[in-house]
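Novice: attaching a predicted model along with its sequence, questions to come.
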Amino acid sequence: MKTLLYNGNIYQDRDMFAQSILIEDNRIITVGSDDDLFALREEANLCVDLQGRTVVPGFNDSHQHFLMSAIAFTTVDLYGSDSIQTVIQRGKDFLSTHPSPSVLFGRGWNQDYFTDESRLLNRQDLDKISSDFPIVFSRACGHVVVCNSKALEVCQVSSNTLQIDGGHFDVDPAGEPTGVFRENAMVLLGSLQSQPSTQDYTTLLDQVGAIANSYGITSVQSNDINVGKEGYEAMEEAYRIYSSATPTVRVYHQTSFIDVEAFEERIRDGYHRSENDFNRYGPLKLFVDGSLGARTALVRSPYADDPSTQGIECLTPETLNEWVRVADRNGIQVAIHAIGDQAMANVLDVYEEVIHGSNELRHGIIHCQITDIPLLERFAKLDVLAYVQPIFLHYDLHIVEDRVGKPLASTSYAFQTMEKLGIRTAYGTDSPVEGFNVFHCIHCAVNRQDLSLFPEGGFYPQERVDLATAIDRYTLGGAYASFDEHQKGRLYPGYLADLVVLDRSIFDLDPTLIKEVKVEMTMVDGRIVYQR
């Protein structure tokens, strides 16, 4: 099968564009001008007139939770809730069409958006939805959940329950649980989790793949699988079935494990279980802290707006060191969630022990939000990858100065400084924390404004990047993180035919309109998988 796309504006590299591209099966054969490729029209099975539209490589979301995103679409949507009463009403509205669930799950609330009371939800709030069955609502970040009284009863959590290392559940002045669980303490509610079947997961993968394609996403690096956790086998089997059918998104797994023993057992049984380009196993995924919005990110100094805490250390440096050493000596890449400056310092301390001269396994840190210049210089010196989510600025620019103070905020989300220091970066969304919209993410990187264009002039605008850089980090940056820079991230001969046709010339736009760009067509593996 040969496909010719012509009369386009095909982005190949900074200031380098072509007009036509010839694809055979799943690879790009040649790229050039319309005149160069005109003679090849006769041998093409399909010719597509791009009508001058811009074409870019398929977007590669370097960190998200692909199946968790699909599952989130089936629960109570709490994103954008502007009050506690709104959360309660959305729960009741959901029950009007989904009556009598065994457990009611929801996701997306954020206390910083509440206009009635700016506080965390509690069990009494959720009891107003129902006390007949358990209810669990996750904060948008996924690092804090709240449950109702029935959930506490079913899970047997009371004033006598011991706290969990690397986590915490809140109690009231009488010592009774409030329903708020942070980080590792969420395991206490684990018995409430439903276990979808392999077929359920496979159906969800097809659905979420179509959504991702509509935003031009052709590859994801996804943290869904937690080996040893109940139900993980069904999830792995679903990914296998998905990848062997007619998949539309390439998946590179960032895999978690319930403990070091489970990790070592997987290594003995064979860690790298990649079957094809749509189902590959990549790094070990670890968490060392929480989120900025929930004040569970691990910071060096007490939070400016809550001096009683410096966040939560989900893994001690000693335990972190054990995990990383096991991975490194077995040739396994590592990607570690770290948001606070102390969390990143702890990770870099461990990486420094295993990276000698070059970071051949491409170990990285996910999120990399609260930084100062010396910390970023350590990133550069060790050649540690930075998986960043510029879309986080949409919310975080409103809170980061309050959380950590203006001096540290001014060197955080430091996308341009990362470029100047030569830090390898890869962009993504962390969906379902944020949505799939690639252009919202690029907007935040280029303009450093929220989606309503606040603040005027940008948030610490010296940290803006230009459009070509943002697109490259969302394509070639992700390809490097998955050892695919020889076949993804550019529209060159020999590369995979994963590409996106945009509805307008993004390179000629007023930068404030980037967030409005839509996808006209997405191609994966030489197949058209989405058309608007």
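Specialist: Arrived safely. Numbering: from 1, shown residues only.
Novice: and F454, which of the three is it?
Specialist: Going by DSSP: H, G, I helix; E, B strand; the rest coil, the secondary structure assigned to F454 is coil.
Novice: so who does V48 touch?
Specialist: T3, L4, L5, Y6, M521 (CB atoms under 8 Å, 6 or more residues apart in numbering). All C-beta spots, glycine's among them, are computed from the backbone N, C-alpha and C.
Novice: which of those residues are buried?
Specialist: For these, a neighbour count by 16 or more other CB atoms under 10 Å gives the buried set as T3, L4, L5, Y6, M521.
Novice: give the next helix or strand downstream of the strand or helix carrying the third one.
Specialist: Here L5, judged by DSSP states H and E, is contained in strand 2-6. Toward the C-terminus, strand 2-6 is succeeded by strand 9-13 as the next helix or strand (DSSP H and E).
Novice: now the next helix or strand after that next one: average pLDDT?
Specialist: Sequence order places strand 16-18 as the next helix or strand after strand 9-13, per DSSP H and E. Per-region confidence: strand 16-18 scores 97 on mean pLDDT.
Novice: now what about strand 16-18, what contacts it?
Specialist: Here strand 16-18 makes contact (CB under 8 Å, 6+ apart) with G8, N9, I10, Y11, Q12, V31, G32, S33, L491.
Novice: what pairs with it, and is each one parallel or antiparallel?
Specialist: Here strand 16-18 is paired, per DSSP bridges, with strand 9-13 (antiparallel).
Novice: so how far is the partner strand off the chain centroid?
Specialist: 26 Å (CA atoms, centre = their mean, to the nearest Å).
Novice: secondary structure element for the closest residue to G142 other than its chain neighbours?
Specialist: Distances taken as CB to CB, 6 or more residues apart in numbering place V433 nearest to G142, at 6.1 Å, with adjacent residues excluded. Using DSSP H and E, V433 is not contained in any helix or strand.
Novice: list the contacts of V433.
Specialist: V433 is in contact with A140, C141, G142, Q389, F392, counting by CB under 8 Å, 6+ apart.
Novice: neighbours of the second one, how many?
Specialist: Okay, so that is C141. Residues lying near C141 (other CB atoms under 10 Å) number 22.
Novice: and what of R268?
Specialist: So R268, with other CB under 10 Å, has 9 neighbours.
Novice: tell me how far it lies from N330.
Specialist: 10 Å (CB to CB, to the nearest Å).
Novice: kindly report the same for D172.
Specialist: In terms of CB to CB, D172 sits 46 Å off from N330.
Novice: mind checking pLDDT for the residue minimising distance to the centre of the chain?
Specialist: The centre of the chain sits closest to D430, judged by CA atoms, centre = their mean, with a distance of 1.8 Å. D430 is assigned 97 on the pLDDT scale.
Novice: tell me the SS of it?
Specialist: Following three-state DSSP, the label given to D430 is coil.
Novice: check contacts around it.
Specialist: By CB under 8 Å, 6+ apart, the contact set of D430 is H63, Q64, H65, H367, Q389, F392.
Novice: and the two most separated of those?
Specialist: Greatest spatial distance in these: H65 and F392, 14.9 Å, computed using CB to CB.
Novice: those two: who's more crowded?
Specialist: F392 (24 against 20).
Novice: roughly how far does that one sit from E261?
Specialist: From F392 to E261 the distance is 34 Å (CB to CB).
Novice: try D341
Specialist: From D341 across to E261, the span is 31 Å (CB to CB).
Novice: so for the two, which residue has more residues nearby?
Specialist: With neighbours defined as other CB under 10 Å, D341 and E261 compare such that D341 has more, 24 against 10.
Novice: once you drop chain neighbours, what's closest to that one?
Specialist: I370 (4.7 Å).
Novice: which residues are in contact with the one you found?
Specialist: L292, A297, V299, I339, G340, D341, M344, V400, V404, L408, S412.
Novice: could I get those as TSV with distance to L320, secondary structure and pLDDT?
Specialist: Listed next are these as TSV, based on distance: CB to CB, whole Å; DSSP: H, G, I helix; E, B strand; the rest coil; pLDDT from 0 to 100:
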residue	distance to L320	secondary structure	pLDDT
L292	20	coil	97
A297	16	coil	97
V299	17	coil	99
I339	15	coil	99
G340	14	coil	99
D341	16	helix	99
M344	12	helix	99
V400	25	helix	98
V404	22	helix	98
L408	23	helix	98
S412	22	coil	99
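Novice: ok, so of the residues you listed, who is nearest E233?
Specialist: Nearest member of the contacts of I370 to E233, counting by CB to CB, is I339, at 30.7 Å.
Novice: state the pLDDT value of V56.
Specialist: Predicted confidence (pLDDT) for V56: 99.
Novice: tell me which element it falls in.
Specialist: Taking DSSP H and E as the criterion, V56 maps to strand 54-57.
Novice: now for that strand, which elements pack on it?
Specialist: strand 9-13, helix 467-481, strand 499-502 (3 or more CB pairs under 8 Å, 6 or more residues apart in numbering; DSSP states H and E).
Novice: and those as TSV, adding mean neighbour count?
Specialist: Output for the helices and strands packed on strand 54-57, formatted as TSV (neighbours: other CB atoms under 10 Å):
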stretch	mean neighbour count
strand 9-13	19
helix 467-481	24
strand 499-502	24
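Novice: closest to V529 out of these?
Specialist: Taking the helices and strands packed on strand 54-57 one by one with CB to CB, strand 499-502 is closest: 10.6 Å.
Novice: need the residues that contact the helix or strand that that closest one is followed by.
Specialist: Beyond strand 499-502 in the direction of the C-terminus, DSSP H and E gives the next helix or strand as strand 519-524. For strand 519-524, the surrounding residues in contact (CB under 8 Å, 6+ apart) are 23, 48, 53, 58, 213-218, 247-250, 497-503, 528-532.
Novice: nice, that's everything, thank you.
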